[in-house]
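Colleague: A structural model of the following input is requested.
(3 chains)
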Amino acid sequence: MNTHRGLVWFLAPSLLVLVAMLVYPLGYALYLSLFDYYLPSNAPKFIGLGNYLALLGEARFWGAVYNTFVIVVASVALEFCLGLVLAVGLYKLRFGAHGLMVVLFVPHIITPVVAALFLRWIFVGQWGLIDATFWPLGIFTPDWLGDPIWAKVTVVLADAWKATPFMMLVLYAGLQSLDQSLIEAATVDGANGRQLLFRVVLPLMRPIILFVVSIRIMDAFRFFDTIYVLTGGGPGTATETLTLYTYSVGFSRLEVGKASALGVVTLLIVLGLISAFVSFLYRRERGRF
Amino acid sequence: MNKQKGGNQMIRMSRRTALGALAGASAALSLPHVARANTPLKGLSHRQPSLEFYAKAISTAVPGSPVDMTLIPADKAVELQTLTLSQGSDAYDILWVNDTQLMKYAKNGWLQPIDDLWARYRAEFKLDDYPASVLDSYRYDGKLYAVPSSVNGMFYFYRQDLFDAKGYKPPSTFEEWLKIAEGLHSPAMSGAVVNLKRIDAALNEAHYYMNAFGDGWFDAKWKPIFNNDKGVAAIERLKSLTKFAQRAYASSANDEAMIAFQQGLGATGLQWFSRAGAMDDAQKSRVGGKIAWAVPPGGKQRIVVDGFAISKFSKQDRDLQFRILATAMNESNQRAIASDSIPSRASVLNDAELHKKFRHYPAALSAIQAGKAYPALPEFVECGDFITLRIQQALAGEMGVKQALDTAAREVSELLTKRGY
Amino acid sequence: MKSRQILLFLALAAATFVSLIPVLWAILTSFKQPVDAFTIPPTLVFSPTAEFHYQIWFEKGFWTFLINSLVIAVSTVCISVPIGTMAAYALSRIETPQTRLLLMAILAVRMFPHMLLALPFFVMASMLKLFDTYAIMIMALVAINQPFTIWLMRSFLVDVPRELDEAACIDGCNVWQTFVKVIVPAVRPGIVVTSLFSLLLAYNEFLFALVLTGAKTKTLPVAISEYGGEDITYWSLSAAGAVGIMLPILLFMVFAQRHLIRGLTMGAVKG
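Modeller: This is a model prediction of the structure:
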């Protein structure tokens, strides 16, 4: 314990910033969530859990929860699979891997507001790049943004385009840091490529996988710009997620109290999901994240 | 910036790494802000070609009093205005407003009435040039709140060449429009360009149907009537037209409608006066000279006025601000941007020369006569959040039109009751 | 073996190309006249114009916004990464239920919809009279960046053997000296990786920048979004701006590539 003396103070600057900048806003949101507060009125009215109860009784809220789950699960799963395939590919490649990796990372560095616009230019009907390329050839593409199911698919593809590089980079790092002797031992035992991946490599990488998946789930729950630009939550409510609904309540209707309640509910949902992940991790990995 | 000191040690540690570059660049912290005059006026406006012109005119109107104009897309401009004004902030002095925003902001006491300034500078800026009917649109509760820049409105865009080839005339009934849209529709050509991105585009589009074919949005006591039989039939009409609309119409707004027309992909549709001039601009358009305009069947499409108001929370000299606005919106400026915006001063609006110069003027002037502004309800756009969502659901087949409008009417009633109606 | 390597390379190169299509398309768009930008079929041969790039940087003043962006992003990284690393070090060495709870609590920030922080941030900025200053923007971004920085740095730090701390302790170093002389050099590549992600987050941040910055401190993402839509000429401008805004980050990545790979291979989050 001797080495730990004074270590607590290392937390101070970071916590100071967090307290100064975030405790107030988060606390304020929590507080507001108990009020009926129409922003221009400047006269919040205390209604206890009224906002929460109202939300739980709304079909639109549950629809948004459902859409969020579908989109988050599909996106994160797709990103993980693609990221893993790319990472393994890069890991095995003996030349040019680093150069390719930097280029593959490019979609991740594009400013989100702009990235959404780029994707709209690809997917929009008629003059979007895909339709404009294939229609003159007589090939009719799906209605990417106008069909309820395809709109969900497109939104998932869009998120995957942006986030797969992140997955890839972190998983690649995980692969690089594996203990080579374990892999060699398995190879000597006659494991083929697939067995090696699923029986040896992935189990070894479990902590890092859970870390990166958790981070991505959190971010996917906050996914906003792309959906707002691509589909605006439509057609109908096909792609209206919790954040889009929050935007609608908070920014379009200025019901700040109810929007805060939505934020808190979102936080709780994500927290529940992540806690499940972390406790899973704790059990298997003896107290390490 | 004190925090910076604590980090220096760390930064030094990694100077030889790539971080070194970052640390070096952090010296930029000590750079002063890019030099500007002391506390210039600040303004916030929506960006589109004619408002961009006026923003520039405002920033240079009075020598020695520059105005920093921030120009952003309409939805974000309204958000930012609402956020800053609701907190009583003087972040922005001059605000672009249309009639609906003006009502909302004025109701909340966020704008300065300018009747006294108007009277004081009446002669100097020839303010009597503004028709009384125009000025009425800038009043709330009897008080004047903005200096008018332009009148805008929607009218019916159509492809003259395609109409001629098939012997079509601009439709006088919706059924004719529907037939034309069907007749001209093909994968490469949308029979109708429909824009239902929430909230603004969708509410504009629905406003026309609800007023031309329904009984309007509300009765005299602000009770929703848009879900009555005629209202349902009106939205059914909209739904029938979407069969011949471009793909992804549910997330399309003005900008993409412009591309559809300019690239020759759209045959008919409702669009703004301010977009008409760009149809003949060869740098942007492939259909120069081929688009013509008319009043849509039944009229009652949306018309709106734009102008600039002074924030209640501005600490800057209000006479100066008024003189800046009145100068920026003077006769010669309104004339200079007449291609992209319909002027609000009578001397410019009634100038026969302009009517000849810009092909769309005759139709636009008729459309102003036939059109209809949004209800005089400061909360209309908030109601629109419910209305447009439910209409979208009806069009996407998630529920029937009747059910959708009933739901919206209930939500709107609840909202308005809460707001004290 | 050789041919399999080439096949693998080709497959990865193809994936790279597909993922780059939207970016390449935007780059092409930025050099086109609006009338050629969105045609059917797409126009690939055209006489390029640098007009929009020129306009963006020289007429619309994007270089001042670039300076603002860099000042804010770099300062954020220079504050966030050091203090986050310190906190992460403490959290990697003290393992008690309280610190685990603290780790989870810190993460909560990353789960809360950021748009709901915009209003309180603006209220704070107004109260402190810090609206449109670098300071408030940097503070906000440092705070928003802390969870990720702490978590990522912690995953590097738990891999540093404790024997190193103890050895330094025996040599008579105090905690601060141990941290600076022993621990930081050991995780230096990790710092590079964390810095990259923090830089990206700070540089690309839009919502808070929209609310907290004004004419004096406007950042590039806000400046670009100002050209989003309404007129097709603006789209050419936003394409040009979007291409421009990527360049500093690309340069940074190319420059830091070696450290980045080393940082990652050192055991980024091998846990």
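
Colleague: drop to CA atoms for contacts and neighbour counts, all remaining ones
Modeller: Will do.

Colleague: Spell out the residue ranges of the strands in chain A.
Modeller: Counting by DSSP state E, the segments of chain A that form strands are A:35-36, A:45-46.

Colleague: and the first one, what's its mean pLDDT?
Modeller: What it means is strand A:35-36. Taken as a whole, strand A:35-36 has an average pLDDT of 94.

Colleague: Does anything pack onto that strand? Which helices or strands?
Modeller: Packed against strand A:35-36, as judged by 3 or more Cα pairs under 8 Å, 6 or more residues apart in numbering or on different chains; DSSP states H and E, are the following elements: strand A:45-46, helix A:50-56, helix A:256-285.

Colleague: Export the ones you listed as JSON lines, with columns for mean neighbour count and mean pLDDT.
Modeller: Shown next, in JSON lines, are the helices and strands packed on strand A:35-36 (neighbours: other Cα atoms under 10 Å in any protein chain shown; pLDDT from 0 to 100):
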{"stretch": "strand A:45-46", "mean neighbour count": "14", "mean pLDDT": "92"}
{"stretch": "helix A:50-56", "mean neighbour count": "15", "mean pLDDT": "95"}
{"stretch": "helix A:256-285", "mean neighbour count": "19", "mean pLDDT": "82"}
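
Colleague: right, and the ones you listed - which one's nearest chain C?
Modeller: Chain C lies closest, by Cα to the nearest Cα, to one member of those: helix A:256-285, at 5.3 Å.

Colleague: Now do the closest one: distance to the chain's middle.
Modeller: How far helix A:256-285 lies from its chain's middle: 13 Å, per Cα atoms, centre = their mean, to the nearest Å.

Colleague: how about that helix, does it reach chain C?
Modeller: Yes. Helix A:256-285 is in contact with chain C by Cα under 8 Å from any Cα of the partner chain, via A:Ala259, A:Ser260, A:Gly263, A:Val264, A:Thr266, A:Leu267, A:Val270, A:Leu271.

Colleague: same check, this time on stretch A:68-81
Modeller: No. Judged by Cα under 8 Å from any Cα, stretch A:68-81 makes no contact with chain C; its nearest approach is 12.8 Å.

Colleague: can you check stretch B:147-159 too?
Modeller: No. Using Cα under 8 Å from any Cα, stretch B:147-159 stays clear of chain C, coming no nearer than 14.4 Å.

Colleague: Skipping adjacent residues, who's closest to residue 41 in space?
Modeller: I'll assume chain A. Excluding the flanking residues, the one nearest A:Ser41 by Cα to Cα, 6 or more residues apart in numbering or on different chains is B:Asn108, at 7.2 Å.

Colleague: Chain B is the one I meant
Modeller: Leaving out its chain neighbours, the residue that sits closest to B:Leu41 by Cα to Cα, 6+ apart is B:Val67, at 4.6 Å.

Colleague: Looking at per-residue confidence, what score does the residue nearest to A:Ser41 get?
Modeller: For B:Asn108, the model assigns a pLDDT of 93.

Colleague: Counting neighbours, what do you get for it?
Modeller: By the measure other Cα atoms under 10 Å in any protein chain shown, the count of residues near B:Asn108 is 15.

Colleague: Chain C versus that one, what's the distance?
Modeller: Computed as Cα to the nearest Cα, to the nearest Å, the B:Asn108 to chain C distance reads 18 Å.
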